[in-house]
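1. Can you look at this prediction? I've put the sequence above it.
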Amino acid sequence: MKLFPKLLKLALTLLLFLACISDEELNAIQNQPMSFNDLFKKVSSMSFHDSDDTIIYVNYEYDNLNKKVIFLDLEEKEPDFFLLGNPAEVKSRILNNNYEIVYSHDKSESLIRSSNEKDQDQLISSFTEQIENIKKNRFSIAYTPQSRSFYLMK
């Protein structure tokens with residue numbers, strides 16, 4: 001009986017999420033090769049239903065030959081990691097219509113954060129070098145619209 005309210009909440013959240021993003025927005029970028037920066041700009045410009053309980057997973061393929069990202073789809077799910085951030089920096093990103101990239105470069109799991117375009121390019125380059133050596137080509141990026149943060153995951 002306790003499961004029903006949770007399922008109802010999830011269904012309503014999913015319905016609101018899907019209602020906020022038009023099919024046209026998704027179709028415009030689906031299966032289109034682009035750079036990571038272009039993907040971040042397009043996703044961060046979309047209107048999402050703000051929920052503190054869920055985040056958006058951006059599913060994509062990485063084309064090693066052409067060094068491009070191919071957007072597949074979006075999923076709204078509960079995060080499987082802790083979301084940390086400085087509220088003042090979040091406010092600044094929202095006001096400046098900017099986003100940050102968060103990446104764990106090594107096995108120490110320490111996170112590197114950047115809202116600066118030059119540093120973001122270095123993070124993306126480092127991340128790309130690592131995923132090019134992985135045998136799979138389908139990946140996900142976690143995006144938190146409420147803090148305008150992209151979490152690069154291998």
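-> Perfect, I can see it now. Predicted model only: the values in this text are computed from it and were never measured. Residues are numbered from 1 along each chain as shown.
2. how about stretch 147-154: buried residues?
-> Using 16 or more other CB atoms under 10 Å as the test for burial, stretch 147-154 gives 147, 148, 149, 150, 151, 152, 153. For glycine as for every other residue, the C-beta is placed from the backbone atoms N, C-alpha and C.
3. again with stretch 63-71
-> Neighbour counts over stretch 63-71 (16+ other CB under 10 Å) mark 68, 69, 70, 71 as buried.
4. cool, stretch 37-47 as well?
-> For stretch 37-47, by 16+ other CB under 10 Å, it's 39, 40, 42, 43, 44, 46.
5. Which of these sits closest to residue 95?
-> residue 44 (13.7 Å; CB to CB).
6. quick one on the thing from earlier: possible to save the buried residues of stretch 63-71 as CSV with secondary structure?
-> Listed next are the buried residues of stretch 63-71 as CSV, based on DSSP: H, G, I helix; E, B strand; the rest coil:
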residue, secondary structure
68, strand
69, strand
70, strand
71, strand
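7. re the thing from before, and which of the buried residues of stretch 37-47 is nearest residue 139?
-> residue 39 (11.3 Å).
8. and the closest one, which of the three is it?
-> helix.
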